[in-house]
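**Q** Could you work out the structure for the sequence below:
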Amino acid sequence: MPNPPPTRAHRTASGSIDPAYFERLYRAEADPWAYATSPYETAKYAATLAALPRDRYASALEVGCSIGVLTERLAPRCGRLLAVDVSEAALARARRRCARLGHVAFERRALPSEAPAGPFDLAVVSEVGYYLAPVDWAEALDRLAVSVGAGGHLVLVHWTGETDYPQTADAVHGAARDHAAWEGHWCHREEAYRVDVLTRAA
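**A** Reported below is the predicted structural model:
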């Protein structure tokens, strides 16, 4: 798995990783995490799509879409898909990759403060939550609980290896499990990552 530069020198006042860190990465390298070519990513994407409880979703949100590799695979399962990322350089590549998909929209947004209003019946957060400090991740979960309607799904996917990120995968997924708005927990673990699916409580 690629090893991006350390993040400790690139933190916001709350302790999250500064969005400028990601913009610099994507301007320096087209695919810094090898999303398009890594066997790890390919297997993880397949597991993510297999974990979706429904075959189709009317309106979905993908947080941290990067260069759009998962977006392209998720799109056939969605009536509408809004994919967001903090990096304009990454979004430019995502838009080119998914140009033929008219039901997919891309926007530059940073969670938690710029979380889309919805309504959505699916939110996918893949390899994003651990870039946020606990206080920001807690606010993001609050906002996602507003934008995802009752009975909708929240899918979390994160690498479980060692990082210098503000949080671990287990901490991110644990906070979601402990959040009052999310229930019906399902978890799948592989050696290098975990997938959790939660349902928005009524």
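**Q** Residue nearest the middle of the protein, spatially speaking?
**A** Most central in the chain under C-alpha atoms, centre = their mean is residue 125, positioned 2.5 Å from the mean C-alpha point.
**Q** Look up how far residue 191 lies from the spatially closest residue to that residue that is not a sequence neighbour.
**A** In space, and not counting its chain neighbours, residue 125 is closest to residue 63: 4.6 Å by C-beta to C-beta, 6 or more residues apart in numbering. Yep, even glycine has a C-beta here, placed from its N, CA and C like the rest. Distance of residue 63 to residue 191, given as C-beta to C-beta, to the nearest Å: 24 Å.
**Q** Tell me which of these two has more neighbours.
**A** residue 63 (25 against 7; other C-beta atoms under 10 Å).
**Q** and that one, what does it touch?
**A** Taking C-beta atoms under 8 Å, 6 or more residues apart in numbering, we find residue 63 in contact with 84, 111, 123, 124, 125, 126, 128.
**Q** Would you agree the fifth one is in contact with residue 157?
**A** Yes. Contact status for residue 125 versus residue 157: in contact at 7.4 Å, counting by C-beta atoms under 8 Å.
**Q** related to what we said a few turns ago, from residue 8, how far off is the residue nearest to residue 125?
**A** For residue 63 relative to residue 8 (C-beta to C-beta), the value is 23 Å.
**Q** Strands of this structure, residue ranges please.
**A** Along the chain, the segments classed as strands by DSSP state E run 57-63, 78-85, 104-108, 120-126, 148-159, 182-189, 193-200.
**Q** just the ones you listed: most buried one?
**A** strand 120-126 (a mean of 25; mean count of other C-beta atoms under 10 Å).
**Q** Can you give the contact residues for it?
**A** Under C-beta under 8 Å, 6+ apart, the answer for strand 120-126 is 44, 48, 52, 54, 57-64, 70, 74, 78, 82, 144, 147-149, 151-158.
**Q** what do you get for stretch 28-48?
**A** 1-2, 4, 25-26, 66-67, 69-70, 73-74, 93, 124, 126-127, 155, 157, 188, 190, 192-193, 195.
**Q** In its sheet, which strands sit next to the lowest-mean-pLDDT helix or strand in the chain, and in what direction?
**A** Between all helices and strands in the chain, the lowest mean by mean pLDDT, DSSP states H and E belongs to strand 182-189, at a mean of 90. Here strand 182-189 has these sheet partners by DSSP bridges: strand 193-200 (antiparallel).
**Q** Which pLDDT value belongs to residue 4?
**A** Per-residue confidence (pLDDT) for residue 4: 67.
**Q** Could you do residue 7 as well?
**A** 89.
**Q** got it, and residue 166?
**A** 96.
**Q** circling back: give me the distance between the residue nearest to the centre of the chain and residue 176.
**A** 9 Å.
**Q** picking that back up, mind putting the strands of the chain in CSV, distance to residue 34 included?
**A** Below are those laid out as CSV (distance: least, C-beta to C-beta, whole Å):
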stretch, distance to residue 34
strand 57-63, 19
strand 78-85, 17
strand 104-108, 21
strand 120-126, 15
strand 148-159, 13
strand 182-189, 22
strand 193-200, 15
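**Q** Which of those has the lowest mean pLDDT?
**A** strand 182-189 (a mean of 90).
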